[in-house]
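>>> Give me a model of this one.
(chains A and B)
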Amino acid sequence: MIAGALEALRVIPDLDFVEGSQAGVYRIGEQRARVAVRPRTHEAAAAALHACAQSNLSVVPFGGGTGQSLGHPPHRIDVVLSLEHLRGIHAYDPRDLTISVEAGTPVCELDAALARSGQHLPLDAPLTPRATIGGILASGHFGWRASAYGRPRDLLIGMRVALADGTLASSGGMVVKNVTGYDLGKLHAGALGTLGVVLRANFKVFPFAPVRRYVAAPLPEGTLAAIVARLDTLVLRPTAAVVVRGWDDDLPRGETGDAGRVAIVLEGAEGEIDRATRELRSALGAAGIPSATLRDGTQADEALAQLNDLWRAEIGGRSAAYRIRGDAERIEAWATMCTVISEREQVSVDFAADALDGTVLVRIAAPSGHALRAALPACEEAIRAEDAGARILHAPEWARREFAVWGVEPGALGRMREIKRAYDPAGALNPGRYVGKI
Amino acid sequence: MEKGSRERSETERVGKDLIRDLVEALGPESVRHAPEDLRVYAYDGYRLGDVLPSAAVLPTDAKEAARAVRICRDHGVPIVARGSGTGLCGAAVPEDGGVVFSFARMNRVLEIDQRRRRARVQPGLINARLSEATKPNGLFYAPDPSSQKISSIGGNVGTNAGGPHCLSYGVTTNNVLGLEFVTNDGEVLRCRQDDAGYDLTGILVGSEGTLAMVTEIEVRLRHLPEETRVFLAVYDSIEAACEAVSEIIGHGLVPTALEMMDRVMIRAVEEAFHAGYPQDAAAVLLVEVAGSREGADEAEHAIARIAKGGGALTWRTARTQAERDALWAARKGAAGAMGRLAPNYYIQDATVPRTRLPDALRAVEEVAAHYGITVANVFHAGDGNLHPLLPFDRRDPRQVEAVVRAGTEILKRCIDLGGTISGEHGIGYEKREALPLVFSTEDLAAMVRLRETFDPRTLFNPGKIFPSGASCAEVRPSLARTGGTP
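Take a look at the predicted model:
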């Protein structure tokens, strides 16, 4: 039955078909694919999707694989649809401040293309050498500068997707302002490929600010709440402000204190950043933080990239991460809770919080997968008690099967199920992984 | 004949039952059904009162709105949500009877969350009122369509409205965090960007009331900038002004607004407002930068250098708040000033990639010249969003025909330049037949599928956004009814 269905895939033009160990490189959490297809054209991607949906094969869209531990484990993994051949810049005129890029393009390639023209796209994606544009969009990622620049969904101006019925559907365009037709890109951004497969995305981009500065400071004991409060009063707003506790293997050593560290990104004109730096130093001083390290330009970019990588810093099989919905005023309470969990459950807890909008990232790690299995249920309970909407960003498969990985079910879940049925009636796309096991 | 009159009396009976049920559910003070009361709901900035609704309801809360939606569903009549009726594409006017939902009585700010910089508002709230309300908190709501003194936030949500300042702050969809809405079944639901699951907020904003009825909006507020500066650069050619726009953007500067007007527009505006725009100029560029003092200084310096080096005839900074307000009031009143040139005007809303602006303006000029129309241009240059205004007298069918043809040709030329047919006004009734110029049948099918999910019986604002399937010839006579006199 499956063999016959796979035959239909083999004959699609411009579609690589691999199976066995060759397909095993595509890992979805703890599982490996047995069959993978790699379209070389949009048409081949749509045809593959259609063939799978018709034959009742499930499809897991695959970018760089950095976000594959997101969501519930799929009910079935029949075919991985890898976007790796659909890669490259489709259209880019720097003077238009827009770019069109194929979904399988690693984020770092896009960053490099833009940087050559002095521009950037502030997706704040983690693991940019591997993470792809399509994957970042589908996963609903947003990073530390979202309150300044908007989330990826806000930077998106157009999209082309392949649908399960084998059609290619575009929405939006290559203009920065557009209300022509439904904004379907927003539907697919964050949908984890459950409604269609993103093939191409268009974004508005930004010129690099003349000065980009990364300020890092160790936090002495008892200064965390004070600095969070001070950051909120700065007249010149940073584009990112993150308080961090833990993550010592992931961030520069020697920049952390008893209460962790704070990292701030300033972007703007020279005179502006001079003043912002002065104001920031005085805020740090007033909060009892004596010293700070400054990095500018590409060094600042690299430091920010390390901070972005925290979003997907998975420690194979023995860590779990949560994204908690924000309120800057509760950051200290969350930090305290992390300490309590760490001591009570004998796990290491790394903590990072966006001081501008309150979004919190928590990673819980144990010495072994077994130890995590023992400790995580209590951690999960403690976190959910404070924020029922917390989202699990990665966790071992057993946890993603048992826990409400997406947080509390939304009131409009029924409507969402209907949307899923409309676009993917056979339930071929990433079955079981999404909210409400859609 | 007999059949016709039977149908008519059947329609009248259904109409009476519908009104009776609405009155029973909402009370007589919330339901309008006398023709003289309904006339006002047949207008917007595009349509001129040719189709009356069967009734209009004015709910006071979401529950009432939901109750009325259920009644409309049971009677199988169209449901058309309406803000202030300032829309420019006929989206808020019923296409074929039905019930108009006016949010005039749901017009309050429900909550201002100073610390988290958010507000919850009702859809009937006038846009400008929100920033007035949040000003004491040092905050403002960024989307500022030119109609902001009368247009409602609910209406802005419907069309995903923009405005001059969306160049740096984004359009409505970038500033809406969550919604409460009534479904086709009369269920009241909420969605927030931060909720798990599909981004219903992102889908509902800009859907012109075709998916659900929005009854509450949570918006993002921003800190008022420390410093705001407004500059005026005057040019002897529109090309030179466009070149300056490209240079400003290319220089890595993103002003908060970058607006342009051509000679015809400047004259009309100046006669109406006396704001100090030079009447002999071929083009003026209105630039606003906002942020820190230092940032404003540097931006002013750089933009002045570009303007002067690029052949600006004059360059000046609005020194006082009064001067800034005067320049902005005139710019935002540009469409109104057109009343001086002709009894009616037809405004287009195409958007092109920024670098194609000069080509697009040339195309507008060529098309207008071909039809003997004196076009006036006012546009969001920084966004590539054009607003050519085509003056006409709707009493003259030849003029009507000319602006309709010219309008469609302008849209086609802009699409050829890589642009699209609406940047911020919406598709509504006006441009629905032009949608296939931009999107393929497959693209449209994907959109219609979403609509069918939300509203399988097509009761929410039927006849809007999507082409009727009829030929363009059928649309033409209806456009003769266009031309809002603002």
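>>> what about the closest residue to residue A:148 other than its chain neighbours, neighbour count?
The shortest distance from residue A:148 to any non-neighbouring residue, by Cβ to Cβ, 6 or more residues apart in numbering or on different chains, is to residue A:239 (3.9 Å). (C-beta placed from N, C-alpha, C; glycine too.) Counted with other Cβ atoms under 10 Å in any protein chain shown, residues neighbouring residue A:239 total 21.
>>> can you pull the contacts of residue A:239?
A:122, A:145, A:148, A:149, A:265, A:266, A:267 (Cβ atoms under 8 Å, 6 or more residues apart in numbering or on different chains).
>>> any idea how far residue B:117 is from residue A:435?
27 Å (Cβ to Cβ, to the nearest Å).
>>> for residue A:195, same thing?
Residue A:195 is 32 Å from residue B:117, by Cβ to Cβ.
>>> which parts of the stretch 351-486 of chain B sit against chain A?
Within the stretch 351-486 of chain B, the positions lying close to chain A (Cβ under 8 Å from any Cβ of the partner chain) are B:351-355, B:380, B:383-385, B:418-427, B:431, B:435, B:438-440, B:442-447, B:449-454, B:465.
>>> Residue A:269 is in contact with residue A:213, correct?
No - Residue A:213 is not in contact with residue A:269 according to Cβ atoms under 8 Å; the separation is 11.8 Å.
>>> for the most centrally placed residue in chain B, helix, strand, or coil?
Against the mean C-alpha coordinate of chain B, by Cα atoms, centre = their mean, the closest residue is residue B:425 at 3.3 Å. At residue B:425, secondary structure determined by DSSP: H, G, I helix; E, B strand; the rest coil is coil.
>>> Give me the phi and psi for it.
phi -90, psi -30 (degrees, to the nearest 10).
>>> Then the one 4 residues further on?
With angles defined as degrees, to the nearest 10, residue B:429 sits at phi -90, psi -40.
>>> Identify the residues contacting it.
B:46, B:47, B:89, B:90, B:91, B:93, B:95, B:463, B:464, B:478 are the contacts of residue B:429 under Cβ under 8 Å, 6+ apart.
>>> try residue A:170
Neighbours of residue A:170 in contact, by Cβ under 8 Å, 6+ apart: A:158, A:159, A:160, A:161, B:439, B:440, B:443.
>>> Neighbour-wise, which one of the residues you listed leads?
residue A:161 leads the contacts of residue A:170 on contacts (other Cβ under 10 Å) with 30 neighbours.
>>> Surely that residue forms part of a helix?
No - under three-state DSSP, residue A:161 falls outside any helix and is assigned strand.
>>> The closest residue to chain B within chain A: how many residues sit nearby?
Taking Cβ to the nearest Cβ, chain B has its nearest neighbour within chain A at residue A:186, 2.9 Å off. Per other Cβ under 10 Å, the neighbour tally for residue A:186 reads 26.
>>> any idea which element whatever residue of the stretch 301-450 of chain B ends up closest to chain A lies in?
Residue of the stretch 301-450 of chain B nearest chain A, by Cβ to the nearest Cβ: residue B:446 (3.6 Å). Per DSSP states H and E, residue B:446 falls inside helix B:441-454.
>>> Mind listing what's buried along that helix?
Residues B:443, B:444, B:446, B:447, B:449, B:450, B:451, B:453, B:454 are the ones in helix B:441-454 that count as buried (16 or more other Cβ atoms under 10 Å in any protein chain shown).
>>> Tell me the pLDDT of the first one.
To tie it back to what came earlier, the one meant is residue B:443. Residue B:443 carries a pLDDT value of 97.
>>> So which of the contacts of residue A:239 wins on neighbours?
Greatest neighbour count in these, by other Cβ under 10 Å, goes to residue A:266: 28 neighbours.
>>> just to revisit the earlier point, from the middle of its chain, how far away would the helix holding residue B:446 be?
23 Å (Cα atoms, centre = their mean, to the nearest Å).
>>> Check stretch B:107-122 too.
With Cα atoms, centre = their mean, you get 23 Å for stretch B:107-122.
>>> does any part of stretch B:117-129 sit near chain A?
No - figure legend: stretch B:117-129 not in contact with chain A (Cβ under 8 Å from any Cβ); closest approach 9.1 Å.
>>> Could you tell me the end-to-end distance of that stretch?
16 Å (Cα to Cα, to the nearest Å).
>>> tell me the mean pLDDT over that stretch?
98.
>>> try stretch A:114-132
Rounded mean pLDDT across stretch A:114-132 is 97.
>>> could you pull out the helices for the stretch 301-438 of chain A?
Using DSSP state H, counting those that start in this stretch, the helices of the stretch 301-438 of chain A run over A:331-345, A:369-386, A:397-402, A:413-423.
>>> possible to save the ones you listed as JSON lines with mean neighbour count?
Formatted as JSON lines, these follow (neighbours: other Cβ atoms under 10 Å in any protein chain shown):
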{"stretch": "helix A:331-345", "mean neighbour count": "18"}
{"stretch": "helix A:369-386", "mean neighbour count": "16"}
{"stretch": "helix A:397-402", "mean neighbour count": "16"}
{"stretch": "helix A:413-423", "mean neighbour count": "19"}
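>>> will you turn those into CSV that also has mean pLDDT and distance to chain B?
Formatted as CSV, the helices of the stretch 301-438 of chain A follow (pLDDT from 0 to 100; distance: least, Cβ to the nearest Cβ, whole Å):
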stretch, mean pLDDT, distance to chain B
helix A:331-345, 96, 13
helix A:369-386, 97, 13
helix A:397-402, 97, 14
helix A:413-423, 98, 4
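>>> Which one of those helices lies nearest to residue A:62?
helix A:397-402 (16.9 Å; Cβ to Cβ).
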